[in-house]
Every structure is written in C-alpha cells, then in structure tokens.
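Student: only geometry, no sequence info:
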C-alpha cells in the first residue's frame, strides 16, 4: 500500500498520508514473539487498525488523483482497483481467524497478495508450501507422459484413478504394470486399477494391502518399487536442473506455462540422450 501511495505522490503532490510501515513492522514482530492468545490478539487489533488507516489513505488518493495525471494515473487506478479488494479480504480473514477464532477453510484463504491464485499445500509433517500441486505420469523411458496442475490441495489417493483414466484416454489402453507413491495407496485405488486392466499395481507404501493383492510376485513388487524410486530421481532433476522447484513467473496462466516449459525442456533433453546415434 505504501508503494502505491508513493507512486500517487509522484503523480500529484496534493495527497496527504503518513507512512506507518515502522509501526506495522513493530506489531508484526510483537505478534511473532508474543506468548499467549490475549497478547497476540491485542497486537493483531493494533496492526489491523494501522492497515485500515493506510487503506483509507489509498481510497483518498484514488479520489484526489487528478484526471490530468494521464496514462500514469490510469495505471495507478488499475493497480488500486486490483489490490484494494485483496487487502480487504486479508483483513476479513484475519478478523475471522484471529479475533473470532473461526477456522477459515484453506480454499477461502488468501496467502499471497501478489499471487492470489496460490494454494496452501500441506504434506504430512513437512513445512507448508504455497503454489499448486502437480500430478505426473512417466513411462519406462523416464519421459513425462502426462501432467496435471491441480487446484486446491487434493489428497494423492483421490487423484490416482482420474490420472489413470487420463492415461487410458490418451493411449487407448491401460499399462500392464504400474507403480505409484505411497500416498496413492488405498484398497479402492487397487481395485480400480485391477478393474481397468492393470495386472501388477505396486504402491510404495502398503497401507494394509498385501504384496500378493497388488502384484503377481515379490520379485515383481521389488522391480516396480525400484522403478518408482527412479521416478523420484526424475522429479528431483526437474526441480534442481529445470527450475520446477520454484516458479518465478507471475499469474496463474504464466505459472502453468512455466511448469509446462520445464517439463517440455526436460523431455527434449532426455529424448536427445535416449535417441540412437
């Protein structure tokens, strides 16, 4: 908000406002280091008051910015119209979550002012990530055969059969053998895979499933489990060498383009190595 106010200052000197960044940072630090809910709520109330005050400065600047400001003024107004509802949404969810003690569903939370499309991704006891979950399919060659950029934070187990259906739709038949991460394991998914024609279906974690239910022999299970471990190496390579660990392009459409670009380049490089000389 202060950045927008500084830009408005450059366009018109008639706008009056005060910079409360120092006070806001002080309250943010106090929230981080406070012990006990009553103390944190007190600091949150002060921080929300500062935020509303700065937001009111933005509204005044929008009303006072002269029409003669030209293209710069039009761009400023467009930015104001974009960020104002997002800031109000952050204020509202903070009041619900902190002051009222109301649980806010992950799908309703805004976690990034600059990337409002970002989802909250929680995987077990690991740190929370922000972005979009990816589900991908590879073949024996290691090439990425399919990729889905998910919305929200669906569990792996509920995405297994839809990914299998996509594979069958693309290639006209199911794979004879398949391996998947332990998160996809469930009795329902195993039955669904078998019903669709997969002879050997190995999940990395058994989750109550026996090897005999999944595959024809323990030797086959070890082979498929090792194959799945190789997939993890490919994912690691995508993250480290092809930039898939962190997207630096802004906006959801650009996020999708970034992901697909990384996968296409990875496939091209792998195809060049696999191609007979």
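Tutor: In hand now; what should we look at? Quick caveat, the model's predicted, so the values are computed rather than measured.

Student: pLDDT at residue 125, what is it?
Tutor: pLDDT, residue 125: 64.

Student: how about the helices in the stretch 51-200 of the chain?
Tutor: 70-94, 156-171, 187-195 (DSSP state H, counting those that start in this stretch).

Student: Nearest to residue 104, out of those?
Tutor: Comparing the helices of the stretch 51-200 of the chain by their distance to residue 104 (C-beta to C-beta), the top pick is helix 70-94, with 5.3 Å. Using the backbone N, CA and C atoms, a C-beta is placed for each residue, glycine as well.

Student: and the closest one, which residues are buried?
Tutor: 73, 76, 80, 83-84, 87, 90, 93-94 (16 or more other C-beta atoms under 10 Å).

Student: Stretch 257-272 now?
Tutor: Those would be 258-259, 262-263, 266-267, 270, for stretch 257-272 by 16+ other C-beta under 10 Å.

Student: If you average the pLDDT over that stretch, what comes out?
Tutor: 95.

Student: contacting residues around the residue nearest to the spatial centre of the chain?
Tutor: By C-alpha atoms, centre = their mean, the mean C-alpha position of the chain lies nearest to residue 131, the distance being 1.7 Å. When contacts are counted by C-beta atoms under 8 Å, 6 or more residues apart in numbering, residue 131 is found next to 118-119, 121, 247, 255.

Student: before we move on, what about residue 267?
Tutor: By C-beta under 8 Å, 6+ apart, the residues touching residue 267 are 143-144.

Student: Now it: which helix or strand?
Tutor: helix 252-274 (DSSP states H and E).

Student: Identify, from the buried residues of stretch 257-272, the entry nearest to residue 146.
Tutor: residue 263 (9.9 Å).

Student: pretty sure that closest one contacts residue 144?
Tutor: Yes: the pair residue 263 and residue 144 passes the contact test of C-beta atoms under 8 Å, sitting 5.0 Å apart.

Student: list residues touching both of those two?
Tutor: residue 136.

Student: on that earlier part again, nearest to residue 58, of the contacts of residue 131?
Tutor: residue 118 (23.1 Å).

Student: How many neighbouring residues does the closest one have?
Tutor: Number of residues near residue 118 (other C-beta atoms under 10 Å) recorded here: 18.

Student: how's the chain carved up into domains?
Tutor: Listed by automatic domain parsing, the domain ranges of the chain are 2-104, 119-274.

Student: closest to residue 113 out of these?
Tutor: Using C-beta to C-beta, the domains of the chain put domain 2-104 closest to residue 113, at 5.7 Å.

Student: Endpoints of the closest one, how far apart?
Tutor: 28 Å (C-alpha to C-alpha, to the nearest Å).

Student: pLDDT averaged over it, what's the number?
Tutor: Rounded mean pLDDT across domain 2-104 is 90.

Student: distance between it and the chain's centre?
Tutor: Distance of domain 2-104 from its chain centroid, counting by C-alpha atoms, centre = their mean, to the nearest Å, is 25 Å.

Student: got the contact list for the closest residue in space to residue 216 that isn't next to it in sequence?
Tutor: Of all residues beyond its chain neighbours, the one nearest residue 216 is residue 200 (5.9 Å), with distances taken as C-beta to C-beta, 6 or more residues apart in numbering. Applying C-beta under 8 Å, 6+ apart, we find residue 200 in contact with 176-178, 214-216, 220-221, 224.

Student: Show the pLDDT at residue 160.
Tutor: In this model, residue 160 is scored at 95, pLDDT.

Student: just to revisit the earlier point, I'd like to know which of the contacts of residue 131 is nearest to residue 184.
Tutor: residue 121 (16.3 Å).

Student: That closest one pairs with what?
Tutor: Taking DSSP bridges as the rule, residue 121 bridges to residue 129.

Student: So residue 76 versus residue 3, what's the distance?
Tutor: 11 Å (C-beta to C-beta, to the nearest Å).
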